[in-house]
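**Student:** Would you be able to build a 3D model of this:
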Amino acid sequence: MLLFSLPLYSFGAQEDDALPPPPDAQALNQQAQFRLSLVFNQWDSGLVVPVTQRNGQFFVSRADLQRAGLPGDKFTADEVNVSAQKDVQTQYDSAGQRLLMTVPNEWLPSQAIMLGKNEASFKPLSGTGALFNYDLYASHAQNSGSQASVWHELRVFSGNLSLSSTGTFRQDLSGYSTSSGEGYRRYDTTLTGTDEEDILSWSAGDVVSDALSWSNSVRMGGISIGRDFSLRPDLITYPLPAFSGEAAVPSTVDVFINGYRSGSTQLQPGPFTLTNLPYINGSGDAVLVTTDALGRQVSTTLPFYVASDLLKPGLSDGAFTLGNLRRDYGIDNFSYGPAAASGSYRYGVNDFWTLESHAEGAQSLALVGVGTLVKLGRFGVVNGAWSHSEMRGQSGQQVNWGYQYNTNVFNIGTQHSRRDRGFGNLALYDSPDSYDDNNQPIASLSRSTDQYSLSVNLGRFGNLGAAWIDLRSFDDDKTQLLNLSWSKNLWGNSSFYLAASHDPAQNGWSLALSLQVPLGASDNAALSVESTPDAGSSQRVNYNHAMPSNGGFSWNMAYAHQSKDDDYQQATLGWRNNKVELQGGAYGQRDNYTQWGEMAGSLVLMDNTLLAANRINDAFMVVSTDGYRDVTVNFENQPIGTTDDDGYLLISGVSSYYPANYSINTLNLPADTRIKDTERRVALRRHSGYLLDFPMEQQRVASVILHDSQGHALPVSSQVYRSLQPPVPVGYDGIVYLENLSNVNPLTVTMPDGKRCSATLTLDDNLDRKLKTYGPLLCREGAR
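**Tutor:** Below you'll find the predicted structure:
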């Protein structure tokens with residue numbers, strides 16, 4: 001901008017005084033300064049910077065170019081003549097006040113774009129309470145007698161801690177000649193803690209040691225701590241492919257994985273990398289279709305292979321267990337053996353390589369092992385492991401190896417293991433010292449194992465599968481089995497399944513054929529035929545009515561014709577509501593029927609209230625509506641039930657760490673109820689519960705009809721004023737809705753023309769808490 005100042009002249013000035021010369025247009029064109037938007041390769045950087053024009057060339061400071069994303073090492077001077085830069089084209093857009101620049105793509109900043117939707121992180125919640133899962137079962141057999149049993153789980157939780165104890169009690173009622181199985185049997189008593197920030201969990205009490213694919217788990221009484229990725233279901237632990245490319249102009253990229261559209265995003269000019277692809281596994285193709293502003297498209301096909309067994313680079317996984325080996329599980333309540341320790345560790349070296357290690361120890365046992373997983377580019381994954389043990393003076397080795405390759409058309413896999421006779425681990429360490437005639441231990445692992453599997457997707461011709469298993473023991477016993485299967489979807493949702501298996505040690509094949517036909521949304525009929533060399537052939541027909549998700553009846557009926565035995569019959573009837581599930585029925589053969597009945601459910605104690613629900617395997621939610629009954633509660637936007645007389649509803653089928661949506665329907669609430677919040681999204685900790693309260697408060701409300709002194713309704717948009725309350729507008733017919741009322745309420749009204757009037761609203765008792773309309777009330781003019 002150029003500013004001019006003109007001198008002032010008065011009459012009577014001397015004749016030689018003259019006006020200054022006009023500006024030189026040529027000088028103006030030689031230099032001018034603007035404030036322009038920087039646009040690179042049709043992409044607006046969003047920055048408005050000073051730009052100087054000198055003799056038709058444009059100068060921009062290096063700092064402003066760097067702030068816009070261009071590399072500073074491409075410019076040597078503090079003020080850069082962008083018009084004279086090599087490989088750079090500039091144009092001044094006077095209408096849009098922009099400096100348009102075309103620069104090499106490699107100058108533009110690289111873009112790392114997350115293609116998938118990044119879910120918001122929800123901190124898991126847990127309240128304080130207790131629950132009791134139970135399963136009561138009773139049966140009577142014609143030739144054996146009657147018995148009853150109760151399985152239970154007692155769970156107490158608070159914050160990130162959970163204490164659980166499971167067991168069963170059995171009582172023979174009649175007919176049984178032995179009582180060895182009677183009485184109470186304790187299974188597991190475990191205190192568990194979780195740390196979601198560090199993705200760790202620990203357990204104390206009865207625990208199970210962690211194991212890799214080439215090691216064994218054992219039950220112990222002690223402590224266990226390790227990485228627990230189930231605390232973060234949103235975390236992908238294996239490396240996913242990242243697709244890179246380059247956009248010359250602003251574009252849109254669409255990604256298709258194996259023919260299915262997986263996402264779309266906007267691209268700026270320059271190099272880009274797409275990450276956070278959808279969950280995929282195995283081999284496939286990704287097609288990237290970029291579209292510019294003119295609709296021109298470029299398609300690029302990129303093959304990939306994803307192996308979910310690998311770990312991301314730098315990611316580690318592992319666990320450590322220390323305690324005493326558990327003995328006689330399910331037989332003796334408190335039987336523990338020698339002290340032992342077990343630990344495993346995995347580490348992702350890079351996108352193609354994951355290392356594994358495992359160690360076990362006891363007084364007379366030492367075991368170490370190392371393993372690896374290697375991705376062979378697009379050609380599958382190989383795995384291998386070597387272990388060495390020293391147990392009671394005997395040493396041995398174990399070697400494992402295998403290969404896996406998955407595609408959307410076929411999957412193949414092999415797995416092999418070889419062991420020395422002296423190889424030992426914790427699974428054998430506390431076994432009884434029983435020996436055969438050759439003074440060799442009876443309890444041992446197999447000498448060798450070979451497994452081969454193949455599955456093929458034949459499209460409209462169904463799916464084909466084959467597997468071969470070969471196990472050899474140290475006494476040269478071998479178990480071999482060949483499995484073949486074929487399945488196909490037929491009309492509607494019906495399906496057909498055919499399987500055959502062959503053991504070379506036996507003569508003949510075992511065959512199984514099944515036809516599943518759905519009859520509506522809940523009913524299903526099935527016909528199956530089986531034939532085995534030992535039992536002969538049998539034909540079975542089954543009709544099933546599934547249990548409705550919101551409760552109701554279910555039933556099952558089956559009849560089987562068996563060539564070598566009497567025909568088999570079965571009938572089951574079930575019923576469930578949101579508090580308990582009941583089942584009962586009969587099964588067996590002629591003169592040998594068994595009748596049975598079962599009741600399963602859960603009792604929950606939270607907020608000093610005892611609630612009943614179906615069996616709770618994971619987490620649960622207790623919704624409170626502050627004592628209001630019959631309020632409809634929605635779980636994931638679907639009605640799940642209504643609150644009871646105390647204003648509670650227990651939702652039992654909740655998955656931990658999933659941020660589910662909970663809301664209430666306010667249509668059944670009284671009109672004078674004020675609600676602060678009607679919807680929440682909450683994630684729960686594992687094996688815990690939470691009290692979700694929707695606060696409500698009662699207030700006095702009313703609709704009032706206001707008339708002026710002539711009996712006419714007050715004008716629309718008149719304002720009603722009350723002490724310490726915001727003004728409320730008057731609607732049509734002089735009706736106004738008022739909240740937070742008292743027994744006597746002075747009203748002052750200001751009308752659109754500036755006139756004022758006053759009235760007094762006196763409320764009646766409203767025991768049924770319904771919305772009442774008062775009036776017409778006379779609003780007298782002249783009041784302030």
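**Student:** D607 and G689 touch, don't they?
**Tutor:** No - applying Cβ atoms under 8 Å as the test, D607 and G689 come out as separate, 10.2 Å apart. Any C-beta I mention is one placed from the backbone N, CA and C, and that applies to glycine too.
**Student:** so which helix or strand takes in the closest residue in space to N350 that isn't next to it in sequence?
**Tutor:** Distances taken as Cβ to Cβ, 6 or more residues apart in numbering put P313 closest to N350, at 5.0 Å, once the chain neighbours are dropped. Using DSSP states H and E, P313 falls within no helix or strand.
**Student:** quick revisit: overlap in contacts, D607 and G689.
**Tutor:** Common neighbours of D607 and G689 (criterion: Cβ atoms under 8 Å, 6 or more residues apart in numbering): G129, V622.
**Student:** Of those two, give the one with the bigger neighbour count.
**Tutor:** The neighbour comparison of D607 against G689 (other Cβ atoms under 10 Å) goes to G689, with 29 against 15.
**Student:** Output the below-cut-off pLDDT ranges for the stretch 501-650 of the chain.
**Tutor:** 564 (pLDDT under 70).
**Student:** so the residue nearest to N350 makes contact with Y347?
**Tutor:** No - in this structure P313 lies outside contact range of Y347 using Cβ under 8 Å: 9.4 Å.
**Student:** if we can go back for a sec, could you tell me which residues make contact with the residue nearest to N350?
**Tutor:** Applying Cβ under 8 Å, 6+ apart to P313 gives the contacts P239, G348, V349, N350, D351.
**Student:** And these, which is closest to P104?
**Tutor:** Nearest to P104 out of those is D351 (Cβ to Cβ; 29.5 Å).
**Student:** How many residues are close by the closest one?
**Tutor:** D351: 17 surrounding residues under other Cβ under 10 Å.
**Student:** Tell me the pLDDT of R686.
**Tutor:** As predicted, R686 sits at a pLDDT of 92.
**Student:** do the one 10 residues further on as well
**Tutor:** For M696, the model assigns a pLDDT of 82.
**Student:** Quick check: it touching T643?
**Tutor:** No - using Cβ under 8 Å as the test, M696 is too far from T643 to be in contact (11.4 Å).
**Student:** Now do the shared contacts for those two.
**Tutor:** Shared contacts of M696 and T643, counting by Cβ under 8 Å, 6+ apart, come down to T625, Y628.
**Student:** Low-confidence stretches in this protein?
**Tutor:** Those would be 1-30, 111-121, 176-180, 248, 276-279, 432-444, 564, 767-769, 782-784, if you go by pLDDT under 70 across the chain.
**Student:** For it, which segments count as helices?
**Tutor:** With DSSP state H, the ranges of helices along the chain come out as 25-30, 62-67, 426-429.
**Student:** For the closest residue to A319 other than its chain neighbours, name its beta-bridge partners.
**Tutor:** If the residues on either side of it in the chain are set aside, A319 comes closest to G226, at 2.6 Å by Cβ to Cβ, 6+ apart. With DSSP bridges as the criterion, G226 is bridged to S201, A319.
**Student:** What of S663?
**Tutor:** In this entry, S663 is beta-bridged to N634, E679, by DSSP bridges.
**Student:** Quick check: it vs T449, distance?
**Tutor:** 53 Å (Cβ to Cβ, to the nearest Å).
**Student:** count of neighbours near the nearest residue to V349 once chain neighbours are set aside?
**Tutor:** Nearest residue to V349 in three dimensions, chain neighbours excluded: L355, at 6.0 Å (Cβ to Cβ, 6+ apart). Neighbour count for L355, taken as other Cβ under 10 Å: 15.
**Student:** Q698 too?
**Tutor:** Using other Cβ under 10 Å, Q698 has 12 other residues around it.
**Student:** Find the nearest non-adjacent residue to it, please.
**Tutor:** Spatial nearest neighbour of Q698, chain neighbours left out: D672 (5.7 Å); criterion: Cβ to Cβ, 6+ apart.
**Student:** do P695 as well
**Tutor:** Among residues not flanking P695 along the chain, K676 sits closest, at 5.0 Å (Cβ to Cβ, 6+ apart).
**Student:** residues touching the one you found, list them.
**Tutor:** Counting by Cβ under 8 Å, 6+ apart, K676 has contacts F694, P695, M696.
**Student:** so the residue nearest to V349 touches V370, yeah?
**Tutor:** Yes - with contact defined as Cβ under 8 Å, L355 and V370 form a contacting pair (7.4 Å).
**Student:** ok, the nearest residue to N637 once chain neighbours are set aside - contacts?
**Tutor:** Excluding the flanking residues, the one nearest N637 by Cβ to Cβ, 6+ apart is N661, at 6.2 Å. Residues in contact with N661 (Cβ under 8 Å, 6+ apart) are N634, F635, E636, N637, E679, R680, R681.
**Student:** Hmm, the first one is touching I664, no?
**Tutor:** Yep, that's N634 we're talking about. Yes - using Cβ under 8 Å, N634 is in contact with I664, at 7.2 Å.
**Student:** Looking at those two, which is more packed in?
**Tutor:** Regarding N634 and I664, a neighbour count based on other Cβ under 10 Å identifies I664 as having more, with 25 against 17.
**Student:** Identify the residues contacting the more buried one.
**Tutor:** Applying Cβ under 8 Å, 6+ apart to I664 gives the contacts V623, T625, V631, T632, V633, N634, I675, T678, E679, F694.
**Student:** Show me the two of the residues you listed that sit farthest apart.
**Tutor:** N634 and I675 (14.4 Å).
**Student:** Of the contacts of P313, which count as buried by neighbour count?
**Tutor:** Using 16 or more other Cβ atoms under 10 Å as the burial test, those include P239, G348, D351 as buried.
**Student:** of all those, which comes closest to T189?
**Tutor:** If you rank the buried ones among the contacts of P313 by distance to T189 using Cβ to Cβ, G348 comes first, at 35.4 Å.
**Student:** And the closest one, how close does it get to S652?
**Tutor:** For G348, the distance to S652 - Cβ to Cβ - is 38 Å.
**Student:** Could you do R54 as well?
**Tutor:** Going from R54 to S652 by Cβ to Cβ gives 77 Å.
**Student:** which residue packs closest to T52, ignoring adjacent ones?
**Tutor:** F59 (4.4 Å).
**Student:** Next, count neighbours for the one you found.
**Tutor:** By the criterion of other Cβ under 10 Å, F59 has 18 neighbours.
**Student:** For stretch 544-551, buried residues please.
**Tutor:** Result for stretch 544-551 [16+ other Cβ under 10 Å]: buried residues N544, H545, M547.
**Student:** contacting residues for the second one?
**Tutor:** In this structure, H545 makes contact with S522, D523, N524, F553, S554, W555, N556, judged by Cβ under 8 Å, 6+ apart.
**Student:** Now the two most distant members of those.
**Tutor:** N524 and F553 (15.1 Å).
**Student:** out of the two, which sits in the busier spot?
**Tutor:** N524 (17 against 11).
**Student:** So the more buried one versus V82, what's the distance?
**Tutor:** From N524 to V82 the distance is 73 Å (Cβ to Cβ).
**Student:** now L235
**Tutor:** Distance from L235 to V82, by Cβ to Cβ: 45 Å.
**Student:** ok, back up a step: now, among the contacts of N661, which is nearest to F320?
**Tutor:** R681 (35.6 Å).
**Student:** Correct me if wrong: the closest one contacts N637.
**Tutor:** No - contact between R681 and N637 fails when scored by Cβ under 8 Å: they sit 11.2 Å apart.
**Student:** just to revisit the earlier point, which of the buried ones among the contacts of P313 fall within strands?
**Tutor:** Secondary structure defined by DSSP state E assigns G348 of the buried ones among the contacts of P313 to strands.
**Student:** Throw the buried ones among the contacts of P313 into a markdown table and include distance to Y732, thanks.
**Tutor:** Formatted as a markdown table, the buried ones among the contacts of P313 follow (distance: Cβ to Cβ, whole Å):
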| residue | distance to Y732 |
| --- | --- |
| P239 | 65 |
| G348 | 69 |
| D351 | 68 |
